[in-house]
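K.L.:
Below is the structure, and that's it, no one-letter string:
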């Protein structure tokens, strides 16, 4: 397959790129920087907050030797105030973050759907939501840390799940598919007290590693999920139970 990875330079993104390449896929990496992306992977500057760069990306991919089969959007745009506790979040900052993140995912999904129509061949888009797009935050596991679940994050990730359903219904009768994954917490140097409390809410491993997502991503991108559309796959070791 030929797969576009947006957010390819991120913590999860560059590992997804490596996994797709290792499984004999042609990968197109899109991001604003590429220091973690192998030099032999096709690289395209794309800023999710700048629609013109998304349009330019899809225009550049119309004549690939290996036609594009799908994409995964791992981008994570946010402003400098992102991550504040609830009562410190201003109206302006909340709206800006929703615009940057959800607005960017909307534009990318729209242009991916148009690309599919133009190419007249199957296309599978995987967006990345979150467990906190599915359930309310378990705030008690954050006690004693400086961590929280940003209110913008919960609003964006829950809206993204329904945005996928909208696109899936609107594109009925085409070969465009759009699904999402909702990962649990990814282990990345969090405080041990938090990791322990998080694990107590799971059924086995607890916090995940990025490679725990790879199989689900490849499944949703591939032919084996041909009739899965508008769905959200939760990968959380039982955290949302």
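P.N.:
Yep, it's here. Note that the structure is predicted; figures quoted are calculated from it, not measured.

K.L.:
so where's the longest strand in the chain?
P.N.:
strand 176-183 (DSSP state E).

K.L.:
and the helix or strand following that one, what's its mean pLDDT?
P.N.:
Following strand 176-183 in sequence order, the next helix or strand is helix 192-199 (DSSP states H and E). Mean pLDDT, taken over the full extent of helix 192-199, equals 96.

K.L.:
quick one: buried residues of the helix or strand just after helix 192-199?
P.N.:
Once the chain leaves helix 192-199, the next helix or strand it forms, by DSSP H and E, is helix 214-221. The neighbour-count check on helix 214-221 (16 or more other CB atoms under 10 Å) flags 214, 216, 217, 218, 219, 220, 221 as buried. Where you see a C-beta, it was placed from the backbone N, CA and C, and this is true even at glycine.

K.L.:
which one of the residues you listed sits closest to residue 106?
P.N.:
Among the buried residues of helix 214-221, residue 220 lies closest to residue 106 (CB to CB), at 19.3 Å.

K.L.:
List the neighbouring strands of the longest strand of the chain plus their orientation.
P.N.:
strand 123-128 (parallel), strand 232-235 (parallel) (DSSP bridges).

K.L.:
what inclination does the lengthiest helix in the chain have with respect to strand 176-183?
P.N.:
Of all the segments assigned as helix in the chain under DSSP state H, the longest by residue count is helix 91-119. The directions of helix 91-119 and strand 176-183 differ by 140 degrees, with axes from the mean of the first three to the mean of the last three CA atoms, to 10 degrees as the criterion.

K.L.:
Who are the packing partners of helix 91-119?
P.N.:
Here helix 91-119 is seen to pack against helix 51-60, strand 70-73, strand 123-128, helix 151-170, strand 176-183 when contacts are counted using 3 or more CB pairs under 8 Å, 6 or more residues apart in numbering; DSSP states H and E.

K.L.:
now those as JSON lines including distance to residue 240, mean pLDDT and mean neighbour count?
P.N.:
Conversion of those to JSON lines gives the following (distance: least, CB to CB, whole Å; pLDDT from 0 to 100; neighbours: other CB atoms under 10 Å):
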{"stretch": "helix 51-60", "distance to residue 240": "31", "mean pLDDT": "97", "mean neighbour count": "16"}
{"stretch": "strand 70-73", "distance to residue 240": "21", "mean pLDDT": "98", "mean neighbour count": "26"}
{"stretch": "strand 123-128", "distance to residue 240": "16", "mean pLDDT": "98", "mean neighbour count": "26"}
{"stretch": "helix 151-170", "distance to residue 240": "13", "mean pLDDT": "98", "mean neighbour count": "18"}
{"stretch": "strand 176-183", "distance to residue 240": "8", "mean pLDDT": "98", "mean neighbour count": "24"}
